[in-house]
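**Q** any chance you could fold what I've pasted below:
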Amino acid sequence: MATIAERVVTEAMALPPAQRAFVAEKLIESLDVPDTPPLSVTWKEEVRRRCARMDRETLDLRDAEKVFAKAYSSLT
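**A** Sure, this is the predicted structure:
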């Protein structure tokens with residue numbers, strides 16, 4: 001494994017700076033992806049619906065900290 005990684009790094013270092021930056025960015029982005037399954041079609045539709053309502057300003061938005069504080073207080 002180390003030899004493959006070393007070879008990839010060596011080859012990447014031979015690239016022009018802009019291409020090295022692109023490769024570095026893609027590698028860093030790959031670390032930020034959580035290990036969660038993809039959204040179902042139903043949830044994707046729900047997200048689109050809510051985004052559309054936000055765009056039309058017909059969605060009642062609330063401050064997350066207040067919502068969580070209220071939920072927490074109802075549990076204690």
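**Q** next one, pLDDT for the spatially most central residue of the chain please.
**A** Geometric centre of the chain, nearest residue: Val33, 6.0 Å, by CA atoms, centre = their mean. Confidence at Val33, expressed as pLDDT, is 72.
**Q** can you list the weak-confidence ranges in the protein?
**A** The chain contains residues with pLDDT under 70 at 1.
**Q** which stretches of it form helices?
**A** If DSSP state H is used as the criterion, the helices of the chain fall at 2-13, 17-31, 41-55, 64-75.
**Q** which positions within the second one qualify as buried?
**A** Across helix 17-31, burial judged by 16 or more other CB atoms under 10 Å covers Val23. Bear in mind the C-beta positions are built from the backbone N, C-alpha and C, glycine included.
**Q** that helix to helix 2-13, inter-axis angle?
**A** Counting by axes from the mean of the first three to the mean of the last three CA atoms, to 10 degrees, helix 17-31 points 140 degrees away from the direction of helix 2-13.
**Q** neighbouring contacts of helix 17-31?
**A** Residues outside helix 17-31 that contact it (CB atoms under 8 Å, 6 or more residues apart in numbering): Ala12, Met13, Leu15.
**Q** quick one: neighbours of the last one, just the number.
**A** To tie it back to what came earlier, the one meant is Leu15. Using other CB atoms under 10 Å, Leu15 is surrounded by 12 other residues.
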